[in-house]
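Colleague: Structure for the following, please:
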Amino acid sequence: MVYKFTILSDEVDNFVRIITIDSEATFFDLHNAILDSVNYEKNQMTSFFLCSDNWEKGQEVTLVEMESSSEYDNLVMEDTKLEELIVDENQKLLYVFDMMSDRVFFMEMTDIIPRKNLDKAECVSSEGDAPVQIMVEEGITVAPKASLDENFYGDEDFELDELDEEGYGEMNFDDSSLFSEDPKF
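Modeller: Reported below is the predicted structural model:
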């Protein structure tokens, strides 16, 4: 059986990709087909989310195994076949291709072709330019790595008695009168 997925972007109006893939292929195969169809590098973290008809996120399928406290099982793309989770025509998915900015492709399985098999996923229609893969915010500068030695937080010769000279030595933090029942902020 062959699945046909239509992929759209909310960032680029005329962007459409249609990918056909065998139902026994894995989510990893679909992931690679999507990245190939938009000429993205394959070095970024990505995820698929099964969605309701209103695009509400459900089950996640991740690129690598992650510890999750989700109500859903932790599924990995390479180990999960499409037919295990996608069985209905018009099934909606989100493909998160930029995790840091939470940017996605909207996907819908638009057709099921029975009695046909594919050895490899194919992009059968490609319209419009894909959005940039990673969004870089203007004006943000990455500082060089700081050395976290013993002086990172201040003077290594700090003495607790120095606080007494500043007038902090007399404070009693166990005094309940410091905290009132009626805060005035």
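Colleague: ok, which stretches of the protein are strands?
Modeller: In the chain, the segments counted as strands under DSSP state E are 2-8, 16-22, 47-51, 57-62, 75-76, 92-98, 103-113, 122-127.
Colleague: Direction included, what does the shortest one pair up with?
Modeller: Strand 75-76 has its sheet partners listed here by DSSP bridges as strand 57-62 (parallel).
Colleague: before we move on, what about the last one?
Modeller: If you go by DSSP bridges, strand 122-127 pairs up with strand 16-22 (antiparallel).
Colleague: Contacts for the partner strand next, please.
Modeller: 1-8, 29-30, 33-34, 37-38, 82, 105, 110, 113, 117-119, 121-128 (CB atoms under 8 Å, 6 or more residues apart in numbering). Any C-beta I mention is one placed from the backbone N, CA and C, and that applies to glycine too.
Colleague: Could I get the average pLDDT for it?
Modeller: With pLDDT averaged residue by residue, strand 16-22 scores 98.
Colleague: Can you mark which positions in it are buried?
Modeller: Burial within strand 16-22, assessed by neighbour count using 16 or more other CB atoms under 10 Å, is assigned to 17-22.
Colleague: Same question for stretch 74-90.
Modeller: Applying a neighbour-count criterion of 16+ other CB under 10 Å, the buried positions in stretch 74-90 are 75, 77, 80, 82, 85-86.
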